[in-house]
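[1] Have a look at this prediction, sequence included:
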Amino acid sequence: MKILSIESSCDETAAAVVEDGRKVLSSIVATQVEEHKLYGGVVPEIASRRHAEAISGVVNEALQQADVTLDDIDAIAVTYAPGLIGALLVGVNFAKGLSLAKNIPLVPTHHLRSHIASNYIAHPQLKPPFLCLVVSGGHSHIVLVEDYTKMKIIGKTRDDAAGEAFDKAARTMGMPYPGGIHLDRIAEGGNPEAFKLPFPKVDNAPYDFSFSGLKTAVINLIHNAKQKGEELSVEDVSASFRNAVVKCLTTNLMKAAQETGSKTIVIAGGVSANALLRRNLQKLCDENGLVLYMPPKELCGDNAAMVGSQGYYEYLSGHTAQQDLNAYATKSIEEG
């Protein structure tokens, strides 16, 4: 079964053709990073306009690279939530047009479910159930994946997402957008114990995260040093902050794995590319006899191949939509 998939939730216009949920026949991504870098972050209005300009060409290129036409496509999967509403609407409306014109089933697909599905592409042997840490610029969840389309959030951030905290700390240190990637690279040369930063906990919610205080602590550290005319090592600040965030993520994930009896651990989302997170989690899983699956770095960011993978399982579960399909800026992964 061949699925044409479309992704436009943020600042990447992407399309792919995926066969049977696991085999990627093509994957095209048109990024807007260089344009948004001028503003220090994603400008929603610009993102929407660029999606509208790029989407037709990106979809055509995905079909050509896969050596198929729309007549060969069995379903169209599209990211419909969560994300920037204007950006999402470009992808959703384009998919609805194709679905109507060619009478092809339309499959609404949740962005975070798709991130989890990136691991199905990379690891053909991976099947639910498993415990997944989904970490990105907008979300930080611990999700119990009971089946391909049945998920339960058992831990989440109460304020900032991990990726958002990385980006804001990086921006305070003068790093360009997207800051989290630059911070991760610079942190490799620093001392993770150079600065003592808080370890936030949420009362009566052992798996939940809180990153706003940690983010504020590192921003205050930088600002106070500037006011005193002191020069801090960017490498050491980056390494200390990265270490603190990763410690929060891994501590809660390991606690959840132990208490739920999960033996298979998965990570997904943009922050799953973080070098320290990958190293530390691999070490912890090895020490505790757990199996860890991580997406390759090229599948950590937004792409349409992951949408095609999850869309396949959504289709098999009967999750299709009609022409009244809408986009949603927020929607729980449990609702799908």
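    Perfect, I can see it now.

[2] for stretch 245-258, which positions count as buried?
    245-254, 256-257 (16 or more other Cβ atoms under 10 Å). (C-beta placed from N, C-alpha, C; glycine too.)

[3] next one: stretch 282-291
    284-285, 290.

[4] For that stretch, which outside residues touch it?
    250, 254, 257-258, 262-265, 292, 294 (Cβ atoms under 8 Å, 6 or more residues apart in numbering).

[5] ok, 6 Å please
    250, 254, 263-265, 292 (Cβ atoms under 6 Å, 6 or more residues apart in numbering).

[6] what's the first-to-last distance across it?
    By Cα to Cα, to the nearest Å, the extent of stretch 282-291 from end to end equals 9 Å.

[7] Tabulate the CA atom coordinates of stretch 103-120 in PDB.
    Presented in PDB, the C-alpha positions along stretch 103-120 are these (Å, rounded to 0.1, in the frame of the first residue of the first chain):
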ATOM      1  CA  ASN A 103     -11.100  10.200  -5.100                       C
ATOM      2  CA  ILE A 104      -8.200   9.000  -2.800                       C
ATOM      3  CA  PRO A 105      -8.900   8.400   0.900                       C
ATOM      4  CA  LEU A 106      -7.700  11.200   3.200                       C
ATOM      5  CA  VAL A 107      -6.000  10.300   6.500                       C
ATOM      6  CA  PRO A 108      -5.500  13.000   9.200                       C
ATOM      7  CA  THR A 109      -2.300  12.300  11.100                       C
ATOM      8  CA  HIS A 110      -1.100  13.700  14.400                       C
ATOM      9  CA  HIS A 111       2.300  15.400  14.300                       C
ATOM     10  CA  LEU A 112       3.600  13.800  17.500                       C
ATOM     11  CA  ARG A 113       2.400  10.300  16.600                       C
ATOM     12  CA  SER A 114       4.300  10.800  13.300                       C
ATOM     13  CA  HIS A 115       7.500  11.600  15.200                       C
ATOM     14  CA  ILE A 116       7.100   8.300  17.100                       C
ATOM     15  CA  ALA A 117       6.600   6.500  13.800                       C
ATOM     16  CA  SER A 118       9.900   7.800  12.500                       C
ATOM     17  CA  ASN A 119      11.300   4.800  14.500                       C
ATOM     18  CA  TYR A 120       9.200   2.400  12.600                       C
END
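
[8] How about residues contacting that stretch?
    Stretch 103-120 is contacted by residues 9, 22, 73, 75-77, 79-80, 82-83, 99, 126, 132, 134, 266, 268-269, 293, 295, 299, 306-307, 309-311, 314-315, 320-321, 325, 333, 336 when judged by Cβ under 6 Å, 6+ apart.

[9] gap between it and the chain center?
    Put simply, stretch 103-120 sits 13 Å off its chain's centre (Cα atoms, centre = their mean, to the nearest Å).

[10] next one: stretch 208-227
    Chain-centre distance of stretch 208-227: 24 Å, with Cα atoms, centre = their mean.

[11] pLDDT of that stretch, averaged?
    Averaging pLDDT along stretch 208-227 gives 95.

[12] buried ones in it?
    Within stretch 208-227, the residues scored as buried using 16+ other Cβ under 10 Å are 208-212, 214-215, 217-219, 221-222.

[13] Those residues in helices, which ones?
    Among these, DSSP state H puts 212, 214-215, 217-219, 221-222 in helices.

[14] Out of those residues, which comes closest to Phe199?
    Nearest to Phe199 out of those is Leu214 (Cβ to Cβ; 8.1 Å).

[15] need the contact list for that closest one.
    Leu214 is in contact with 198, 200, 244, counting by Cβ under 6 Å, 6+ apart.

[16] surely the last one meets Lys196?
    Put plainly, it is Ala244. No: Ala244 lies out of contact with Lys196 (Cβ atoms under 6 Å); the separation is 9.0 Å.

[17] care to break the chain down by domain?
    The chain is divided into the following domains under automatic domain parsing: 2-116+300-316, 128-295.

[18] Need the winner for burial among these.
    Across those, averaging neighbours per residue (mean count of other Cβ atoms under 10 Å) puts domain 2-116+300-316 on top, at a mean of 22.

[19] what helix or strand does the spatially closest residue to Glu61 that is not a sequence neighbour sit in?
    Nearest in space to Glu61, with sequence neighbours left out and distances taken as Cβ to Cβ, 6 or more residues apart in numbering, is Ile28 at 4.8 Å. Using DSSP states H and E, Ile28 sits in strand 23-31.

[20] got a list of contacts for that strand?
    12-19, 54, 58, 61-62, 65-66, 121, 303, 305.

[21] try it again with 8 Å
    Contacts of strand 23-31 (Cβ under 8 Å, 6+ apart): 2, 11-19, 50, 54, 57-58, 61-68, 121, 302-305, 308.
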